[in-house]
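In: The following comprises the amino acid sequence and a computationally predicted model.
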Amino acid sequence: MDTLSEAPSHALTGVARVLVHGGKLSARVAEELVASAREKRISFIESLIAAGTLSPSVLAHSLSSALSVPLLDLDSVDLQKVPQNLIDGRLISQYKVLPLGRRGSRLFLACADPTDQEAGERIKFATQLAPEWVLVEYDKLSKLVDKQTTSAAQALDTLVASDFEFDVTEEDPQQQQGAPDVASEVEDAPVVRFLQKMLVDAINLRASDLHFEPYEFNYRVRFRVDGELREITQPPIAIKDKLASRIKVISRLDIAEKRVPQDGRMKLRFGSKSIDFRVSTLPTLFGEKIVIRILDSSSAKLGIEALGYELEEKQRLLHAVQRPYGMVLVTGPTGSGKTVSLYTCLNLLNQPGVNISTVEDPAEINLPGINQVNVNDKAGLTFASALKSFLRQDPDIIMVGEIRDLETADIAIKAAQTGHLVLSTLHTNDAPSTLTRLLNMGVAPFNIAASVLLITAQRLVRRLCENCKTPVEYPREAMLKAGFTDSDLEGGWRPYKAVGCSSCNNGYKGRLGVYQAMPISDEIQRLILNQGSSTDLATQARREGVRDLRISGLVKVKLGVTSLEEVLASTNV
């Protein structure tokens, strides 16, 4: 054959030279294809396939035989199990390679040109792994590479198609020092726009938290709206590292550290106002989970009327916080609105002639005129040490984020006994059990009786949407079992149920508090001194007209602002 008799050109290299030596191409045709590829700025293989000189299948088999490189059919590969983050997307696109897996220091790569030394060196330098080539058909590889490298950007562009204005404030450019390999990642435009879009959507939906969660084969974003987690979207899993890096940069976290949890803050400008966010990262099996909490300082300025206190409960609380000294405790589980209640009280007390200091872990809402301190355990700044310092700072009012141990409790109680008003929180189920908890911590009964003015326990329940709530009939037995009395059921009123419409979240819109406000009366003081149980304290509180959380919730049901299901789910009998 004429193609076999022609001598190969010494100028040919790589795949062209292999094919000419193997008798698959003539030197003249090979040189023409090389020239065409150079002119069109494409690879020799792409020029060869486009010209129809060899089919992708014949080419792959020929190179596998000539170079003794294993051959693989990409149709048999489970693409869900293909590693996503071993090589940067730019290298995958530039050199048309696809990571198949890693074993020790070896990285197995699907390719159509195993003679490309530049690709091997670049990938080895970027990954610090030795490339092991596996031959595949060019057309199948090209489709997969294009799909993998463009789908993420296209998907993000689709997700952030709407216009918005959202700017980072006070970004620290020095955070990128020491990690030059991620400098390009943190400025990836689609990722930046996606993050901003998620934050804008969260604010518009009145979400309290955003969850960015990586899993083995997918990545999801969830918002907590009105206390309920909702899945919002599933962006491409390939963006998880870039998104984490971007969030870390604007939160002033170490973008090179992925092995330990980190906590930070960021401040972003949304239209005309700035909003604070608290950021927490957590290493998981498949990447870093990131939770962003939205800290809206306007919630502390709503006023006590907006929180959901009934008239009698509000009067008890206001009477306690306006006392010159003593202790007021707010109790409830995480996420029950304790911080907002405390800040609302502080906002009422924040006057030019009053010195207020707070110690928190961390300070969630910035209030001008109040001296706020963040706990820093590594530096030795604990609740107890901060409290000791406060007492030398001539305070009038002290707020302790949480009483966690006996030392903090003792100092707080001594401060309450020596002319200071102390506000704090505890994690207990209701007001009477708070007193028992303090006793169990080791606080002397006489100190509790002499210092505590009022304990308010609280829960948050979802508020029914005014547009779509509908009256509902429940069996009388069910209403009585829930806690209503026979007299409560008189009057012809009917509870409402959630329905759902375009302006709400499954029939609910916003939240309100359910409260148990228990003043420490003389009789309750006597029970504390006698170390009475929480049951004894609860019984005495009921005698004095203190509603427990369930009864307070049922009052909200009777008023039509929440549903019976919500109250039953958030309170105990």
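Out: That came through, no problem. Numbering: from 1, shown residues only.
In: Mean confidence (pLDDT) on the strand or helix carrying residue 39, please.
Out: Using DSSP states H and E, residue 39 maps to helix 27-40. Mean pLDDT, helix 27-40: 87.
In: Run the angle between the helix or strand following that helix and helix 27-40 for me.
Out: Beyond helix 27-40 on the C-terminal side, the first helix or strand identified by DSSP H and E is helix 44-51. Interaxial angle of helix 44-51 relative to helix 27-40 (axes from the mean of the first three to the mean of the last three C-alpha atoms, to 10 degrees): 100 degrees.
In: Alpha carbons of helix 44-51, as CSV, please.
Out: Provided in CSV are the C-alpha atoms of helix 44-51 (Å, rounded to 0.1, in the frame of the first residue of the first chain):
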residue,chain,number,x,y,z
PHE,A,44,-4.3,16.7,16.3
ILE,A,45,-6.9,14.1,17.5
GLU,A,46,-9.7,16.6,17.1
SER,A,47,-8.5,17.4,13.6
LEU,A,48,-8.2,13.7,12.8
ILE,A,49,-11.7,12.8,14.0
ALA,A,50,-13.3,15.9,12.3
ALA,A,51,-11.7,15.0,9.0
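In: elements contacting it?
Out: With contacts defined as 3 or more C-beta pairs under 8 Å, 6 or more residues apart in numbering; DSSP states H and E, helix 44-51 has these neighbours: helix 14-21, helix 27-40, helix 56-67, helix 138-159. Bear in mind the C-beta positions are built from the backbone N, C-alpha and C, glycine included.
In: So which of those helices is the most surrounded?
Out: helix 14-21 (a mean of 21; mean count of other C-beta atoms under 10 Å).
In: contact partners of it?
Out: Helix 14-21 has contacts (C-beta atoms under 8 Å, 6 or more residues apart in numbering) with 8-9, 12, 25-27, 30, 33-34, 44-45, 48, 54, 59, 62-63, 66-67, 113, 115-116.
In: Determine how far stretch 411-418 lies from the middle of the whole chain.
Out: 37 Å (C-alpha atoms, centre = their mean, to the nearest Å).
In: Report the mean per-residue pLDDT for it.
Out: Rounded mean pLDDT across stretch 411-418 is 92.
In: Enumerate the positions of that stretch that are buried.
Out: Neighbour counts over stretch 411-418 (16 or more other C-beta atoms under 10 Å) mark 411-413, 415-416 as buried.
In: likewise stretch 99-107?
Out: 99-100, 107.
In: Not counting sequence-adjacent ones, nearest residue to the most centrally placed residue in the chain?
Out: With distances taken as C-alpha atoms, centre = their mean, the residue of the chain nearest its centroid is residue 291 (1.7 Å). Using C-beta to C-beta, 6 or more residues apart in numbering and skipping residues adjacent in sequence, the residue nearest residue 291 is residue 280, 4.9 Å away.
In: Just read off the phi/psi values of that neighbour.
Out: Residue 280 adopts backbone torsions of phi -130, psi 130, taken as degrees, to the nearest 10.
In: What residues are recorded as beta-bridge partners of it?
Out: residue 263, residue 291 (DSSP bridges).
In: which stretches of the stretch 401-550 of the chain have low pLDDT?
Out: Applying pLDDT under 70 to the stretch 401-550 of the chain flags no residue at all.
In: in it, which spans are helices?
Out: 406-417, 431-441, 445-451, 476-482, 522-529, 534-543, 549-559 (DSSP state H, counting those that start in this stretch).
In: I'd assumed residue 277 was in contact with residue 268.
Out: Yes: counting by C-beta atoms under 8 Å, residue 268 does reach residue 277; the two are 6.8 Å apart.
In: just to revisit the earlier point, out of the helices and strands packed on helix 44-51, which comes closest to residue 475?
Out: Closest approach to residue 475 among the helices and strands packed on helix 44-51 is made by helix 138-159 (46.8 Å; C-beta to C-beta).
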